[in-house]
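A.B. asks: Next comes the sequence, and after it the predicted model I'd like to discuss.
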Amino acid sequence: MNMDVLNQVMAIVTHPFTLMIAFIVAIVGGVLLSVAYMTYAERKVLGAIQRRQGPMTVGPFGLLQPIADGIKLLSKETIIPSQANKGVFILAPVMLFALSLIAWSVIPFDKGWVLANINVGILYLFAVSSMGVYGVIMAGWASNSRYAFLGGLRSASQMVSYEVSMGLIIVTVLLCTGSLNLQEIVLADRPVWMQIWLFPMFIVFLVSILAETNRAPFDLPEGESEITGGFMVEYSSMTYAMFFLGEYANMILMSAMTTTLFLGGWLPPFGMDGLAFVPGMVWFSLKTAGILFFFIWSRGTLPRYRYDQLMRLGWKVFLPLTLVWVVATAGLLLTFDALPK
């Protein structure tokens, strides 16, 4: 009898649906834990840039500070402005947070370690990331505040502007790799000349993801100095925390996307096969952490752009450059018969 029960339990545990649920829980838990300690790392790095210590009080070396911040936000009262559209007001942060999580379903952490290995993974990823603008617009409109509405409008135009150049950069990578599947993009053969050719697009992509995630020096939708917090100005407690979680989850997502497209994903850097004994998950995490450091470094060192400078950079510099690069890449691959087989 005991063996029958044990066999039933093992059948349930090893069932594909059970394994999928476990993988989803692991991804969500890992992302939330990463977001929590991303805030800690950001405060520590900014403290080092500004010659101060950063969090040091809660726990050893301040390591429990993210937990204390979470408890503080959970214990506060959620205040909804009397003139706000309550349904949309609550839905906006929920939508933004949910979108930042569902995009992880196509990110390959290691060979075979992906929840949904679909052939159009990059299109799915780009579609989900571009929908984030709706949550910001909804928050700005539903708050019934001029500052929030102005922040929402800024975010809409900013994100749409830089999504165009990001899309063209992704097309360039797809031309060189010949696949829309993220695992195949990582495993695609990339000669040295191709890596050098894609390097300028890597730089443009880094700047574009700063604008896409509304991070400094492109944090104009929040703009504390002129619109007092922008689209989040009327939010408090857990609704504010969901915006906060969504923003940092998007930062980690964009860093993982950059790692997958340009840095070889889980593979050892620079084709160093001698380092193949290190688990692919470790390489993936280290590369993603390097891009996240770029986010923090930019915030600590660069002043905020004016809005006209932001739009000019997107439409008059990045868009023509990426468009020319797509055409040049296609011509180069055809001329030298280097199209991926």
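C.D. replies: Thanks, I have the structure now. Numbers count the residues shown, from 1 in each chain.

A.B. asks: Only C-alpha atoms from now on, for both contacts and neighbour counts.
C.D. replies: Noted.

A.B. asks: Is L333 in contact with L339, as I believe?
C.D. replies: Yes: at 5.3 Å, L333 counts as touching L339 under the criterion of Cα atoms under 8 Å.

A.B. asks: So for those two, which residues contact both of them?
C.D. replies: Common neighbours of L333 and L339, counting by Cα atoms under 8 Å, 6 or more residues apart in numbering, are C176.

A.B. asks: count of residues packed around Y307?
C.D. replies: Residues lying near Y307 (other Cα atoms under 10 Å) number 15.

A.B. asks: Who are the contact partners of it?
C.D. replies: By Cα under 8 Å, 6+ apart, the neighbours of Y307 are L220.

A.B. asks: any idea how far it is from A127?
C.D. replies: Y307 is 25 Å from A127, where distance means Cα to Cα, to the nearest Å.

A.B. asks: Check M254 too.
C.D. replies: Applying Cα to Cα, the value for M254 to A127 is 13 Å.

A.B. asks: Those two: which has the busier surroundings?
C.D. replies: Taking neighbours as other Cα under 10 Å, M254 and A127 compare with M254 leading, 24 against 12.

A.B. asks: mind checking which helix or strand that one is in?
C.D. replies: helix 237-262 (DSSP states H and E).

A.B. asks: what's around the closest residue to G132 other than its chain neighbours, how many residues?
C.D. replies: Excluding the flanking residues, the one nearest G132 by Cα to Cα, 6 or more residues apart in numbering is L96, at 5.8 Å. The tally of other residues near L96 (other Cα under 10 Å) stands at 27.

A.B. asks: what comes into contact with the helix or strand encompassing L96?
C.D. replies: Assigning secondary structure by DSSP H and E places L96 in helix 86-102. Helix 86-102 is contacted from outside by 28, 31, 80, 128-129, 131-132, 134-136, 138-139, 142-143, 239-240, 242-243, 245-247, 249-250, 253, using Cα under 8 Å, 6+ apart.

A.B. asks: Going along the chain, name the strands of the protein.
C.D. replies: For the chain, applying DSSP state E gives no strands.

A.B. asks: all helices of it, in order?
C.D. replies: Ranges of helices in the chain, per DSSP state H, are 2-13, 16-49, 65-75, 86-102, 121-130, 132-142, 146-177, 182-187, 192-212, 224-227, 237-262, 280-301, 307-312, 319-335.

A.B. asks: mind listing what F318 touches?
C.D. replies: S165, V204.

A.B. asks: Can you give me the distance of it to Y305?
C.D. replies: From F318 to Y305 the distance is 16 Å (Cα to Cα).

A.B. asks: Test my guess that G280 contacts F109.
C.D. replies: Yes: here G280 reaches F109: they are 7.4 Å apart, a contact under Cα under 8 Å.

A.B. asks: Quick check: neighbours shared by these two?
C.D. replies: Contacts common to G280 and F109, judged by Cα under 8 Å, 6+ apart, are W266.

A.B. asks: coming back round to it: kindly supply the ChimeraX command isolating those of the contacts of helix 86-102 that are buried.
C.D. replies: Per 16 or more other Cα atoms under 10 Å, the buried members of those correspond to this ChimeraX selection:
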select :28,31,80,128,129,132,134,135,136,138,139,142,143,239,240,242,243,245,246,247,249,250,253
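
A.B. asks: circling back: for the record, mean pLDDT for the helix holding M254?
C.D. replies: Mean pLDDT, computed over helix 237-262, is 90.

A.B. asks: and if you look at stretch 137-155?
C.D. replies: 85.

A.B. asks: next one: it to chain centre, how far?
C.D. replies: 22 Å (Cα atoms, centre = their mean, to the nearest Å).

A.B. asks: Just the buried positions in that stretch, please.
C.D. replies: Result for stretch 137-155 [16+ other Cα under 10 Å]: buried residues 137-145, 147-155.
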